[in-house]
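J.: the following block contains a protein sequence and its predicted model.
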Amino acid sequence: MKDDEVVGNFQELVSEVLIRHSSILDCLSKYQESTARVNRSVIKTVTDCGCISINANKKEYPNTESLKDCSKHMDSHIKGELCENCREVIAEEIGKHLFYLTALCNTLDYDLKDLFGLEQKRINTLGHFLLS
C-alpha cells in the first residue's frame, strides 16, 4: 500500500469510528489532551524508566558556516535509547495524537494528503530558511 493510501485510509477510518467526540470543541480538547499525553510519556522515559536522559545546553556553532552546514552542530539533547516498553508507550500516545489530529482535520474538512503535500511544497520552497 502506498503512503498516500495509508493516510487516506486512516483519515476515512477516523471519520467512520469517531462518534462521541465529533464536535469541534471535543476535537480541540482531545487533541490538546493527546499532546500532553505524548509529552508526559516522553518525560516519564527520563524520570521513571531512565532509559534516556536529557542534557540540554546552549547550542554553539561557528558563525562562518553556511546555514545548510549548521545542522551538523545541532543536538537533540537526548542521551541513550528508548527501551522497548517506553518506545511502545510513546508510539501508542503518538498514534492517539494522530487520531485526534485527523479528527480535527475531518471536522474542518481538510484532506490530510493535501496538507502533507502543501507542507512538503513549503519546506521544499523555503529549504534551510524554514528555521523551524
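T.: Great, that's in hand.
J.: helices or strands up against the top helix by length along the chain?
T.: Longest helix in the chain by number of residues (criterion: DSSP state H): helix 84-107. Secondary-structure packing of helix 84-107 (3 or more CB pairs under 8 Å, 6 or more residues apart in numbering; DSSP states H and E): helix 3-17, helix 24-44, helix 112-126. Bear in mind the C-beta positions are built from the backbone N, C-alpha and C, glycine included.
J.: now these in a markdown table, with mean neighbour count?
T.: Shown next, in a markdown table, are the helices and strands packed on helix 84-107 (neighbours: other CB atoms under 10 Å):
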| stretch | mean neighbour count |
| --- | --- |
| helix 3-17 | 13 |
| helix 24-44 | 15 |
| helix 112-126 | 12 |
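J.: follow-up on the earlier one: contacting residues around the longest helix of the chain?
T.: Outside of helix 84-107, the residues within contact range by CB atoms under 8 Å, 6 or more residues apart in numbering are 10-11, 14-15, 18, 21-24, 27-28, 30-31, 33-35, 37-38, 40-42, 44-45, 49, 51-52, 82, 111-112, 115.
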